[in-house]
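Student: got a structure for you, letters missing:
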């Protein structure tokens, strides 16, 4: 039982090339490739269209309304990290703004995923610093209460371990366990390749009913066809 | 009592010219023209700005987390149809993505209205395939449970009968009963014409109080004017 | 006890130059400068990106689903006013649309803040009439029930007195008490100037931990550092 | 297209004995017996434990915050009716309290189902007048805006036609189309009888896996058994 | 502008007999008697049935997840006070439990109204210490961040000034401005007396349509009667 | 990466005496004793007052609207187990009712914690079978889609590993990692013993300000006392 708030300095990270490949696959394909696990709740939305990110999770657990631990986290980050911030109870406070973004970027952080609020969105968009958050709120925070950095957290309903791969785009945010990253990238690439063929056949008018062999299932499930409503 | 899941092959549709005219009127005008009925709940939002659609409702009732019946529906659609998807209990799962959009478009479907989630929004926006949904979620679905196609459904709080006219834009989604479509289009056009005159008078500074004759009502309701707060 | 619905004709307003300066500072800076008070709830969102406004609050209290008092309010507004509309219980109805926007603009109103719904958002965006609202809904309203204009209201969780300064941008909406406006503008300008220096130091890689002197606090709070998770 | 607000004086009703039998079956059994249709959303909760009701729906469509049409409805009700109240947009106002309950009861109304708020709950509980509502709120309403009585409405996500049978208990509220009532009562009784046998076998320890024949399905779906997590 | 957190030691209070009479009237009657103002949002619910309270508001503004100021407030309370707790942003944390209830009662506090969470509800119910809250949550809080006691606050959407009268029962919570208390009690008593007569007439079957003279209004509003749906 | 749905037959469990002691401590004390971790979200509510449970978690991950895996789980449970059910996306469907409760009890299950809906609440209360759920809904489910039993799940925002200890009462639900159970029970007992002394001192009127030594903190934080609002 770990009762003391803790900052872990060194974490393992996945291979950069693998992370890049996962980012290219995108959230929906990665989520499928790993057996439909690891997806954060759909309330996590990008603050501007076309936001896209992939990186290693640097996890941060904060008291609601208190961003002290985000400052502590920046010291232990590495280029390519994505900050993953959660609070011990629900909050929409604006825990992160343009000053923290400037600081985070100076240390190589490429994106933020936060199950709380952020502010200065105009500045963040101008910097092209991608953020996925639950809320936008100017409500300021204090720096008064301890928390932890680089421990296992739950963020928007998904377990995130330090060093897991975070993939985020317009469809949301998905977490890939570090040890599975290479295999998920491989399965995802297979899936995307296969989908290209499917897409082409569907484009030509082939029905999903035939392509996926669903006609028998409809019959087995007792679905009846009638010509028109009487 | 219809206990068996059912797919109805043929449905009546409104006149294409009438549908086009309703689309030009837009949601707010159509909603007013038909006595402020038929509006879906405001949580139904377009996935990209400037989305606009009008077409005949092809209705689909699915089990939550299961898109089997959307595949079945595409076989019975016709060019100009709008898919209207609802689930038997609330869900935000991503029941529709780019493959289904490619397939739907290949069969002439022009838009999707879904009281659940969708995914691949970047692809859908690139295709310019308009969607109004409750959520964006990469969460995948199964194809395991029966449902119905072209039966009366409730979607986001509105009754939709197969062949009703769906009009959707930035203001939301409204349903026009098929039999009323021509009359609503006529009333809507009258309304829009009349509003043009109103707009011009208001632009010149005439007050709504005078234009709508509301001064007497304020008095009758006991509203008092005072010059300034003491 | 004021039991009668009331329209107050004349309200005090803050100095136009002060209002303009508050608008330049933006919501987050103004909120900080006045001790983190006066912020509306984060569900208040602009209807289009890059919306920005600052003006004197002309307050309106309506019955839900009834916009009678907005019409009454336009008669008593002055150029530079921001309409602040609240309802006596929660509502998402579309109480304001393009006709009211045309009328409001003809009388000098520069923006709308409404704890309810609006409609005709395509038109409003085309007019570049900025709106912050809780919802977008085509649902029409009636003109049947009395309310008040220029009385103290609560809008989205914030107290607004007639003539208070409203500042709104992508971060939300903040209310500055009229009497504090000049002092808040001064404090905000100081804050922004100081932040510029902070930003530069953070950009060069100085840590918030050092800049804000937080290392001692972490120790005092019992936060422990470990090199890596065992 | 019916644009005028309308009060329908006479509606067909189901047989009283059938209604009573449906009430004894309860919500869950009736919902199952009619193919899992007609259930209102789960936010509809009874205002006191052990509330239970069954009767003919007398439907009422109101403007939010306005209970004028409830007064109009009481004149056309008959003993055994259940008032089913909906609003044209979402509201939690307290549209019904002890005075209306006294009046409704004097005319034979046995219960209220309302997709909005109610008040005076202590009095209603003391009268043993059962209510299912979305909210409890003291917020008063006006009597200013027209609506309709005994037209088809959507209440909490379910279609209700005048004279349909309403069954409500601790599990929620279900609507039985009037024409199906006798058949649903028959199917429900069969179901309950059959469940008694099932219950007995399960009580003795027989597994649902065996009773429902689910072992083969698990295998077919690829579910694997392992003895313990490695 | 008051930027420093402040504890006000002495506040004015309403007359005890007036407070008692307001408590007897109950929330719905008091809300009506003061022109339908001062009601908190309906999410404020009592933690056990039959809870009832009336007293002078001792207001407390806390940081979310921090109950330091509740401890500070108990020192300045007087017998008959009701603690009214709000947080600077939304929170459901359990800021108050049985220890604070024991302490508060020892100093004469009779109830708690809190726009956040509480815990130890079994103990609180056993003590018969009435609480109206937004949530029940065991989530503990810290004592790290300053706030204010006996300043004007917004609690659950209502303005509360120190010394205002709080009335709470099963219907919710209403705030009566201290200066209006006697007049509201008088108007409320008149209202209740008058309602007794109304109740009796409605019990005998007189219709609200006649009693309130609503028939003419229905006609004026264009409501049509038809005998039965064709 | 485990892509196949899996049922784990044997799981480790905590000592029965330790579990019983945790149950006596209750949710709030256990949550504190383990450093304020492991609490489920406050929307998890007991279906009847005075519900109380403690046991070993038997975890179940289901497709939304599908209770197949609950049936599979009952075969591998042991007396004293608490079923912990989650769904792969949010659902309120009634996945558990009186038949499943009879079956679960026949196999020794003592309670249910479910991040979804349940039904037959009157029967469950009559059986005194305690349940903590997100919703009550009669909506029936299918048995069509695979899932897992006794894998790590996230339930209402908390990580639950098979065999962890679940403690639930009126304050909510808390999860104690199996390996920490004895230590948490010991720390919790110490805490409760200490609180008894605190309670007595507070009952006699000692202030929390003095007892917890908070006066210095208020001063340090800049909180000012003033005698009365000017």
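Tutor: That came through, no problem. Just so it is clear, the model here is predicted, and its values are computed rather than measured.
Student: Next up, the contacts around the residue sitting nearest the centre point of chain A.
Tutor: Geometric centre of chain A, nearest residue: residue A:173, 2.5 Å, by CA atoms, centre = their mean. Listed by CB atoms under 8 Å, 6 or more residues apart in numbering or on different chains, the contact partners of residue A:173 are A:27, A:39, A:40, A:44, A:113, A:132, A:156, A:158, A:166, A:167. C-beta: built from backbone N, CA, C; applies to glycine.
Student: In helices, which of those residues appear?
Tutor: residue A:27 (DSSP state H).
Student: in which helix or strand would I find the residue nearest to the centre of chain A?
Tutor: Residue A:173 belongs to strand A:172-176 when assigned by DSSP states H and E.
Student: just the helices in chain A please.
Tutor: Under DSSP H, chain A gives helices at A:16-25, A:27-33, A:68-74, A:98-106, A:121-127, A:181-203, A:208-211, A:215-220.
Student: What number of neighbouring residues does the residue in chain A positioned nearest to chain E come out with?
Tutor: The nearest approach of chain A to chain E comes at residue A:144, 4.2 Å away (CB to the nearest CB). By other CB atoms under 10 Å in any protein chain shown, 18 other residues sit near residue A:144.
Student: swap in residue A:79?
Tutor: 11.
Student: Quick check: closest non-adjacent residue to it.
Tutor: residue A:108 (3.0 Å; CB to CB, 6 or more residues apart in numbering or on different chains).
Student: close enough to count as contact, the one you found and residue A:77?
Tutor: Yes. Between residue A:108 and residue A:77 there is a contact at 6.5 Å, judged by CB atoms under 8 Å.
Student: So for the two, which sits in the more crowded spot?
Tutor: residue A:77 (21 against 13).
Student: Before we move on, what's the pLDDT of that one?
Tutor: Residue A:77 carries a pLDDT value of 97.
Student: what does the one 4 residues further on give?
Tutor: Listed pLDDT for residue A:81 reads 98.
Student: In space, what's closest to it - neighbours in sequence excluded?
Tutor: Using CB to CB, 6+ apart, the nearest residue to residue A:81 is residue A:58, at 4.4 Å.
Student: wait, what's in contact with that neighbour?
Tutor: With CB under 8 Å, 6+ apart, residue A:58 has these contacts: A:11, A:73, A:76, A:77, A:81, A:82, A:83, A:84, A:109, A:149, A:150, A:162.
Student: Restricted to strands, list the residues you listed.
Tutor: A:81, A:82, A:83, A:84, A:149 (DSSP state E).
Student: Could you dump the residues you listed into JSON lines and include neighbour count?
Tutor: Formatted as JSON lines, the ones in strands among the contacts of residue A:58 follow (neighbours: other CB atoms under 10 Å in any protein chain shown):
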{"residue": "A:81", "neighbour count": "25"}
{"residue": "A:82", "neighbour count": "28"}
{"residue": "A:83", "neighbour count": "26"}
{"residue": "A:84", "neighbour count": "32"}
{"residue": "A:149", "neighbour count": "28"}
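Student: Among those, which one lies nearest to residue B:202?
Tutor: residue A:83 (49.6 Å; CB to CB).
Student: distance of that closest one from residue A:53?
Tutor: For residue A:83, the distance to residue A:53 equals 11 Å [CB to CB, to the nearest Å].
Student: Then residue A:45?
Tutor: 13 Å.
Student: Then residue A:16?
Tutor: Residue A:16 is 14 Å from residue A:53, by CB to CB.
Student: So which of these two has more stuff around it?
Tutor: residue A:53 (20 against 13).
Student: For the more buried one, report the pLDDT, please.
Tutor: 98.
Student: Please name the nearest non-neighbouring residue to it.
Tutor: Per CB to CB, 6+ apart, closest to residue A:53 is residue A:111, 3.6 Å.
Student: Residue A:185 too?
Tutor: Nearest one to residue A:185, counting by CB to CB, 6+ apart, is residue A:21 at 4.4 Å.
Student: contacting residues for that neighbour?
Tutor: Contacts of residue A:21 (CB under 8 Å, 6+ apart): A:185, A:188, A:189.
Student: coming back round to it: which neighbours do residue A:83 and residue A:53 share?
Tutor: Common neighbours of residue A:83 and residue A:53 (CB under 8 Å, 6+ apart) are residue A:111.
Student: Residue A:99 contacts residue C:198, correct?
Tutor: Yes. Counting by CB under 8 Å, residue C:198 is a contact partner of residue A:99 at 6.1 Å.
Student: thinking again about what came up before, nearest to residue C:221, of the contacts of residue A:58?
Tutor: The closest of these, once distances to residue C:221 are taken by CB to CB, is residue A:149, at 13.2 Å.
Student: what's across from the residue nearest to the centre of chain A in the sheet?
Tutor: For residue A:173, the beta-bridge partners under DSSP bridges are residue A:168.
Student: and the gap between it and residue E:139?
Tutor: Residue A:173 is 24 Å from residue E:139, by CB to CB.
Student: So which bits of stretch A:187-202 are buried?
Tutor: A:187, A:188, A:189, A:195, A:198, A:199, A:201, A:202 (16 or more other CB atoms under 10 Å in any protein chain shown).
Student: would CSV of these with distance to residue E:216 and pLDDT be doable?
Tutor: Converted to CSV, the buried residues of stretch A:187-202 look like this (distance: CB to CB, whole Å; pLDDT from 0 to 100):
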residue, distance to residue E:216, pLDDT
A:187, 73, 97
A:188, 70, 97
A:189, 75, 97
A:195, 67, 95
A:198, 67, 96
A:199, 65, 97
A:201, 68, 97
A:202, 63, 97
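Student: Looking at those, spot the one nearest residue A:88.
Tutor: Nearest to residue A:88 among those, with distances taken as CB to CB, is residue A:188, at 33.4 Å.
Student: Alongside chain F, which residues does chain A contribute?
Tutor: Contacts of chain A with chain F, taken as CB under 8 Å from any CB of the partner chain, map to A:1-3, A:34-36, A:41, A:88, A:90, A:152, A:154, A:157-159, A:177, A:179-180, A:183-184.
Student: What is the end-to-end distance of stretch A:3-17?
Tutor: 37 Å (CA to CA, to the nearest Å).
Student: Residue A:92 against residue A:118, yeah?
Tutor: No. Assessed by CB under 8 Å, residue A:92 is found out of contact with residue A:118, at 9.7 Å.
Student: any shared contact partners between these two?
Tutor: A:135, A:137.
Student: Counting neighbours, go ahead and name the busier of those two.
Tutor: residue A:118 (28 against 25).
Student: Just checking: what are the partner strands of the longest strand seen in chain A?
Tutor: Looking across chain A with DSSP E, the single longest strand is strand A:53-62. According to DSSP bridges, strand A:53-62 forms sheet pairs with strand A:81-87 (parallel), strand A:148-149 (antiparallel), strand A:165-169 (antiparallel).
Student: any idea how far that strand is from the chain center?
Tutor: 9 Å (CA atoms, centre = their mean, to the nearest Å).
Student: Repeat that for stretch A:209-216.
Tutor: 33 Å.
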